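> After the sequence you'll find the predicted model.
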Amino acid sequence: QVQLVESGGGLVQTGGSLRLSCAASGRADNIHTMGWFRQAPGKGRELVAVIRWISGMTSYGDSVKGRFTISKDNAKNTVYLQMNSLNAEDTAVYYCLLDRDAAPRSWGEGTQVTVFS
């Protein structure tokens, strides 16, 4: 079992920044990918950003490109999401994910991000 603990969510004004963290513990070996999805009220879950654990290659959802940056600390089994230039459309619950070889995807409990004007 893998446990994912997210932190860093909260309230922020339009144009502001937040940094999310997600720390993996438990059977956090053979990590292939970590990243973030989000789900806004009444909408489906959408890709925010993912990062390959070995190569560091990244992929972003179109709505966050150029504003969000994903990074990782392999030694800490932690992934970060730096979110800049936030707007109301970024309001959502942000979920951390972890993919391991030969194992089902793990999800965190989610952290709320609310952007207000």
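Perfect, I can see it now.
> Any idea which residue is closest to the centre of the protein?
residue 36 (2.8 Å; C-alpha atoms, centre = their mean).
> Would you enumerate the residues in contact with that one?
20, 22, 48-50, 70, 79, 81, 94-97 (C-beta atoms under 8 Å, 6 or more residues apart in numbering). C-beta coordinates here come from the backbone N, C-alpha and C atoms, glycine included.
> and what of residue 117?
Per C-beta under 8 Å, 6+ apart, neighbours of residue 117: 13-14, 88.
> let's go with 6 Å and repeat that
residue 14 (C-beta atoms under 6 Å, 6 or more residues apart in numbering).
> now it: how far from residue 50?
Distance of residue 117 to residue 50, computed by C-beta to C-beta, to the nearest Å: 29 Å.
> residue ranges with poor pLDDT in this protein?
Applying pLDDT under 70 to the chain flags no residue at all.
> what about 90?
1, 26-29, 101-102 (pLDDT under 90).
> hey, where'd the strands end up in it?
Assigned by DSSP state E, the chain shows strands spanning 2-7, 10-13, 18-26, 31-39, 45-52, 58-60, 68-73, 78-83, 92-100, 106-107, 111-116.
> which strands and helices sit next to the third one?
If I follow you right, that is strand 18-26. Here strand 18-26 touches strand 2-7, strand 78-83, strand 92-100, going by 3 or more C-beta pairs under 6 Å, 6 or more residues apart in numbering; DSSP states H and E.
> Against which helices or strands is the last one packed?
Applying 3+ C-beta pairs under 6 Å, 6+ apart, one finds that strand 92-100 makes contact with strand 2-7, strand 18-26, strand 31-39, strand 106-107, strand 111-116.
> now that strand and strand 18-26, what's the angle there?
On the basis of axes from the mean of the first three to the mean of the last three C-alpha atoms, to 10 degrees, strand 92-100 is oriented at 40 degrees to strand 18-26.
> Contacts for stretch 78-97 next, please.
Contacts of stretch 78-97 (C-beta under 6 Å, 6+ apart): 4, 6, 12, 14, 16-23, 34-40, 67-72, 105, 107-108, 110-115.
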